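Engineer: Just to be clear, the model below is a prediction. Sequence and coordinates:
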Amino acid sequence: MIKVKKVVSGGLKENCYLVYNSESLQVAIVDPGEDGEKVICEIKTHKLKPELLVNTHGHYDHTFSNEQICHEFKIPLAIHKDELEILIDSKKSLSLVNSLRTIKKPEILFEDNQKMKLSFTTFIVLHTPGHTKGSICLLFEDFLITGDTLFAGTIGRTDLKSGSHEEILKSISKIKKMIPSLIIYPGHGSRTTLANELRHNPYLIN
């Protein structure tokens, strides 16, 4: 059975997600955030076995611990191909105060609608530009990890580098067509459902 555990870290209270199989304990890590030790502790406490680290986009509050996590568990990093320049550029990733950190380069560059198969599950990579040009959502069987594209009650900001309000609205229009029962796990704040957002989120109400 696939389960999702949230680990909140950093000053911006970013949500790291551990998507794992409750029997095999294999896990995919999504957006480790700024507090790598907290994520590592959670993984070791529950005896999880990491396979892959994924970034929904390249901003530092989601990616700062990439190098630490990948080094600790000897796993590859994946991000959308259009987000690479944001990830590796400290100015574009908004991590100016942390510009001396070691930046982990990804081994896997996703394409839109790419199907990613792990030992315990499969997910689809959805390119959802707007917050940044290479932002992605991860579609599992009954839930969607949205990064900073969609939140409970609102959408991601578009005034940062490579952001586009027009593009994020196009991305949101794709999500609106999905199964309403989908659980939404956003990059910040509480989880929600697509049905709830279709009823109450002004950006999803027709």
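Structural biologist: Nice, I can see it. Just so it is clear, the model here is predicted, and its values are computed rather than measured.
Engineer: what are the ranges of the strands in the chain?
Structural biologist: Under the criterion DSSP state E, strands of the chain are mapped to 2-9, 14-21, 26-30, 49-54, 77-80, 108-110, 114-117, 122-127, 136-139, 143-147, 150-151, 154-155, 183-186, 192-193.
Engineer: Out of those strands, flag the one nearest Asn201.
Structural biologist: strand 154-155 (6.7 Å; CB to CB). The way it works is simple: take the backbone N, C-alpha and C, and place the C-beta from them, glycine included.
Engineer: what sits up against stretch 198-206?
Structural biologist: With CB atoms under 8 Å, 6 or more residues apart in numbering as the test, stretch 198-206 has contacts from 150, 152-155, 169, 172, 175-176, 180, 197.
Engineer: Any of those residues buried? List them.
Structural biologist: Buried by 16 or more other CB atoms under 10 Å: 150, 152-153, 155, 172, 175-176, 197, out of these.
Engineer: what about Ile145, neighbour count?
Structural biologist: 27 (other CB atoms under 10 Å).
Engineer: does it have beta-bridge partners, and which?
Structural biologist: Using DSSP bridges, the bridge partners assigned to Ile145 are Leu138, Tyr185.
Engineer: measure it to His71 for me?
Structural biologist: Distance of Ile145 to His71, given as CB to CB, to the nearest Å: 23 Å.
Engineer: same check, this time on Pro106
Structural biologist: 14 Å.
Engineer: Also Asn15?
Structural biologist: 22 Å.
Engineer: between these two, who's got more neighbours?
Structural biologist: Using other CB under 10 Å as the criterion, Asn15 and His71 rank with Asn15 on top: 22 against 12.
Engineer: and the more buried one, what is it in contact with?
Structural biologist: Shown in contact with Asn15 (CB under 8 Å, 6+ apart): 6-8, 31, 33, 185-189.
Engineer: Pick out whichever of the buried ones among the contacts of stretch 198-206 sits closest to Glu141.
Structural biologist: Among those, Ile175 lies closest to Glu141 (CB to CB), at 15.9 Å.
Engineer: Need the nearest residue in space to the closest one, chain neighbours excluded.
Structural biologist: Using CB to CB, 6 or more residues apart in numbering and skipping residues adjacent in sequence, the residue nearest Ile175 is Leu150, 6.1 Å away.
Engineer: can you pull up the bridge partners for that neighbour?
Structural biologist: Ile155.
Engineer: which parts of the worst-scoring helix or strand of the chain on mean pLDDT are buried?
Structural biologist: Ranked by mean pLDDT, DSSP states H and E, the helix or strand of the chain with the weakest confidence is helix 84-88, at a mean of 86. Under the neighbour-count criterion of 16+ other CB under 10 Å, helix 84-88 has 86-87 buried.
Engineer: just stretch 164-175 next, same as before
Structural biologist: For stretch 164-175, by 16+ other CB under 10 Å, it's 164, 167-168, 171-172, 175.
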